[in-house]
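Q: 3D, please:
(chains A and B)
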Number of protein chains: 2
Amino acid sequence: MKIGIPETGQKRVVVVGGGFGGLVLVNKLRKSGYQVVLIDKNNYHQFQPLFYQVATAGLEPSSIVYPLRKMFQRNKDVFIRVTEVTAVHPAENRISTPLGDLRYDYLVLATGVDTNYFGNAQLAANVIPMKSVSEALYLRNILFADFESAVTAEGNEQQRLLDIVVVGGGPTGVEVAGALAEMRKHVLPKDYPEIDSSQIDIHLIQGANRLLDGMTEKASAAALHFLQELGVQVRLGTFVKDFDGQTLTMSDGSQLTAKKVIWAAGISGQLMHGIPAEAYGPGKRLKVNRFNQLEGFENIYAIGDSALLVDDAFPKGHPQVAQVAMQMGANLAENLQRALGQLAPKPFNYKDLGSMATIGRNRAVVDLPFWKFNGVFAWYTWLLVHLLQLIGFKNKLFVFFNWVWSYLTYDQSLRLVIKPRKAGALHTSFQN
Amino acid sequence: MKIGIPETGQKRVVVVGGGFGGLVLVNKLRKSGYQVVLIDKNNYHQFQPLFYQVATAGLEPSSIVYPLRKMFQRNKDVFIRVTEVTAVHPAENRISTPLGDLRYDYLVLATGVDTNYFGNAQLAANVIPMKSVSEALYLRNILFADFESAVTAEGNEQQRLLDIVVVGGGPTGVEVAGALAEMRKHVLPKDYPEIDSSQIDIHLIQGANRLLDGMTEKASAAALHFLQELGVQVRLGTFVKDFDGQTLTMSDGSQLTAKKVIWAAGISGQLMHGIPAEAYGPGKRLKVNRFNQLEGFENIYAIGDSALLVDDAFPKGHPQVAQVAMQMGANLAENLQRALGQLAPKPFNYKDLGSMATIGRNRAVVDLPFWKFNGVFAWYTWLLVHLLQLIGFKNKLFVFFNWVWSYLTYDQSLRLVIKPRKAGALHTSFQN
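A: Residues are numbered from 1 along each chain as shown, chains lettered A, B, ... in the order given. You can find the predicted model right below:
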């Protein structure tokens, strides 16, 4: 096995991860004179803000992901390898992958974060995460398979199949709870007249004392109000301690019977073999300076959710959101280009463009730097901003059509339980 | 567990299978006064003629399948159960399912056919079938995962990862081979500049002495010509005897090294517990009279691919195509309605509206009863006919957009390897 990247005499930048940060970086470097190698375990970029719509049958995965090879089809200096980095050897400027080793001049870790179960293996085994498009699709399959089973189930068993618990009151948790409540109202009574849809309980459990605690208090209050209007049972200041597949145990000792627990409660970086322990900060984030250089290294960088950049404005590190990742990617691209011209690098300065979340139909909360608003206009703003951020004209078009369609018909139509025919074989062929 | 179908005093028709035949039947009976129970193992209807486009990244599964519940949302007399029939008890007019037993007045078996491996377990374990949308999606994943692996593979291993063998020269085999050849020409050189796409061999192996042997000789000759123009290596009069995952063995003793073998070579009915052996004809098809009544039974019917209706025009049974299934479903619906009015049933008379197949871009063959033609106009005819047959305006719209998009850009864009995150769990939850 050869990894097969030619030595061209160009300096080589190896970017690990094709999320928001990695993609902006590669895009800006594609005609820079560097040879760029992009490594991702998937052959596509995922647009995470819309995962919840895949989970609730509003969008197809293909509408919100984009093939990496297609993105860089015309860039002869960009090489893509669908694999994983198993180790970094900083002393030798080299990484290891299952396809072979690769030398780098610059290494950029844009590896993002994964779901954090806080070390609870039982919890990890029983909850449903939503940090990838495959997981979102898996959740959709579970949802509709359970509704099917509920048609012929009775009593407690039926209740168990119908109820949904969402853990985590950040944007993902709020958005998925809102979408599920809309589905309970508009779709399920038509599809399942045999089920009394008012019987379906949707719980949202949030550890902090308010929802969307990265946003303003005004946005938090509006989100809570909107969710309660939609009949979501919100519990604030409550942590989930455990879930054995049957019973959810809360920090206050109370319990809830549940089958489907959607876990949107925590994220964590992942340790990379070869990066010393002292380079990691809280949440396993990689400590970087204002040039995104990894502590202790000259030519290794970290950007995005996995980077911990502390400054006066952000003493606990920058928020783990797409905007920060994209701006870090852009700044690093500029610095790498400046390095080619022997220019000094520019420090990273975050410009907060605002944040937003949508709660069902016609409702959203938006915090812009100089204007906070919510309601219908916020909802249109949310739609527009997300549409524009999607990669690819075709994706924009298809998502737009889907949204208009769902809006007019009150009907997300992708309610299909599509099972892998040879699940075992798939699992063997494509390790995640 | 209760299957939960209310006893309303209406006569009950139980339809097993939501394919073309079953769906037409249920649709025509939905306001007939009968109570109709539709049983399918999936919660959707699949449009099989376009499976090959799902496999070759041209269409999403959701565009060519339609949720059964959505189809009958407004019909209070139609009940849907996503399950399987495990046994028929004709003496008691009763079927068994994992959800419980169900009494019927009329039972219609529209169970279709599955892939036939001619009893060769090794073959069955190693080839890739294409008889469901999940299988088509599985094939797509294999295709693109293999292309990724081929980028860094060498010599014989690379060749093995690139080559594709299609077994079976009916419409499915011809269409998938044509689509793969177009992909080799237009997509792969752009996505994988590191692979010499002329190195990819596409083989089509057909047992009969001509392709599309259900169509005219003219269509067969044109299909062969079109495929050869596209560089597909066609072998006629050759049966595949065995495939061990590495080597394909032909009836003439010749061998071919291969990894991906797409099996479109044979179909077979399936035995149903409780139906006596003498009710089955060749290919495990259910012998029916001209009213689609199962041999030896008054109130059990079979329609579609699983039915064997022999008459002077079709001494070996009617062709196993969508048209026959739909016409049988319509005729049976009419006869069941006539039965309510004590009218005598009408015998089934097949009206052959023609058949067609497409071979890549701008090329198709069409046999209409009074006109046989091929080429570009045939291709447009093929597109139009398939578009009109799709269920649901939204599906029509999305497929149309996808086709126009792919046609203009020479680019099927759904080249995503989306792996189930929890394959094991999925497998356990949803047995196929």
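Q: What are the buried residues along stretch A:307-321?
A: Judged by neighbour count (16 or more other C-beta atoms under 10 Å in any protein chain shown), stretch A:307-321 contains these buried residues: A:A307, A:L308, A:L309, A:V310, A:G317, A:H318, A:Q320, A:V321. Every residue, glycine included, has its C-beta placed from N, CA and C.
Q: what residue ranges in the stretch 1-150 of chain A are flagged as low confidence?
A: Filtered on pLDDT under 70, the stretch 1-150 of chain A yields the residue ranges A:1.
Q: Tell me the residues on it that lie near chain B, please.
A: A:1-4, A:42-44, A:60-62, A:65, A:67, A:69-70, A:73-74, A:76, A:79, A:81-82, A:99-100, A:129, A:132-135, A:137-138, A:141-142, A:144-145, A:148 (C-beta under 8 Å from any C-beta of the partner chain).
Q: What residues does A:G237 make contact with?
A: Going by C-beta atoms under 8 Å, 6 or more residues apart in numbering or on different chains, A:G237 touches A:Q206, A:G207, A:A208, A:N209.
Q: what's the helix or strand encompassing A:L408 in contact with?
A: In the assignment (DSSP states H and E), A:L408 maps to helix A:393-409. Residues from elsewhere that reach helix A:393-409, judged by C-beta under 8 Å, 6+ apart: A:50, A:58-60, A:63-64, A:66, A:361, A:383, A:387-388, A:390, A:411-413, B:394, B:397-398, B:401, B:405, B:413.
Q: what about that helix, average pLDDT?
A: Helix A:393-409 carries an average pLDDT of 85.
Q: Could you pull out the buried residues of it?
A: With burial defined by 16+ other C-beta under 10 Å, the residues of helix A:393-409 counted as buried are A:K394, A:N395, A:K396, A:F398, A:V399, A:N402, A:W403, A:W405, A:S406.
Q: tally of neighbours for whichever residue of the stretch 151-300 of chain A sits closest to chain B?
A: Among the residues of the stretch 151-300 of chain A, A:D191 lies closest to chain B, at 4.2 Å counting by C-beta to the nearest C-beta. A:D191 is flanked by 25 other residues according to other C-beta atoms under 10 Å in any protein chain shown.
Q: wait, what's in contact with it?
A: When the contact criterion is C-beta under 8 Å, 6+ apart, the partners of A:D191 are A:F147, A:R415, B:P67, B:R69, B:K70, B:Q73.
Q: Pull the contacting residues for the residue sitting nearest the centre point of chain A.
A: Against the mean C-alpha coordinate of chain A, by C-alpha atoms, centre = their mean, the closest residue is A:Q48 at 4.0 Å. Contacts were defined as C-beta under 8 Å, 6+ apart; by that measure A:Q48 touches A:G19, A:K131, A:A322.
Q: now, among these, which is nearest to chain B?
A: Using C-beta to the nearest C-beta, A:K131 is the member of these that sits closest to chain B, with 9.2 Å.
Q: sorry, back to before: ok, which pair from the buried residues of stretch A:307-321 is furthest apart?
A: With C-beta to C-beta as the measure, no two of the buried residues of stretch A:307-321 lie farther apart than A:V310 and A:V321, at 16.4 Å.
Q: returning to that earlier point: ChimeraX command to pick out the buried ones of the contacts of helix A:393-409?
A: This is how ChimeraX selects the buried members of the contacts of helix A:393-409, with burial counted by 16+ other C-beta under 10 Å:
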select /A:50,58,59,60,63,64,66,361,383,390,411,412,413 /B:394,398,405,413
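Q: The contacts of helix A:393-409 in helices, which ones?
A: When the contacts of helix A:393-409 are checked against helices (DSSP state H), the matches are A:S63, A:I64, A:L383, A:L387, A:L388, B:K394, B:L397, B:F398, B:F401, B:W405.
Q: ok, the residues you listed vs A:R30, which is closest?
A: Set against A:R30, the nearest of these by C-beta to C-beta is A:L388 (21.4 Å).
Q: Tell me who's in contact with that closest one.
A: Applying C-beta under 8 Å, 6+ apart, the residues contacting A:L388 are A:K396.
Q: ok, for A:D244, nearest residue in space, not its chain neighbours?
A: If you skip the residues right next to it in sequence, A:D244 has A:Q122 as its closest partner in space, 5.9 Å away by C-beta to C-beta, 6 or more residues apart in numbering or on different chains.
Q: Going by neighbour count, list what's buried in the helix or strand encompassing the one you found.
A: Element membership of A:Q122, judged by DSSP H and E, is helix A:121-126. Along helix A:121-126, the positions that meet the burial threshold by neighbour count (16+ other C-beta under 10 Å) are A:L123, A:N126.
Q: and A:L286, how many neighbours?
A: Other residues within reach of A:L286 by the criterion other C-beta under 10 Å amount to 26.
Q: Looking at the contacts of A:D191, which one is closest to A:N289?
A: A:R415 (49.0 Å).
Q: For chain B, what's its nearest residue on the stretch 251-400 of chain A.
A: Going by C-beta to the nearest C-beta, chain B is nearest to A:K394 of the stretch 251-400 of chain A, at 5.9 Å.
Q: quick one: contacts for the closest residue in space to A:L211 that isn't next to it in sequence?
A: Spatially, and ignoring its direct neighbours in sequence, A:L211 is nearest to A:G169 (4.1 Å; C-beta to C-beta, 6+ apart). Taking C-beta under 8 Å, 6+ apart as the contact definition, A:G169 lies against A:L204, A:I205, A:Q206, A:G207, A:A208, A:R210, A:L211, A:L212, A:D213, A:V234, A:L236.
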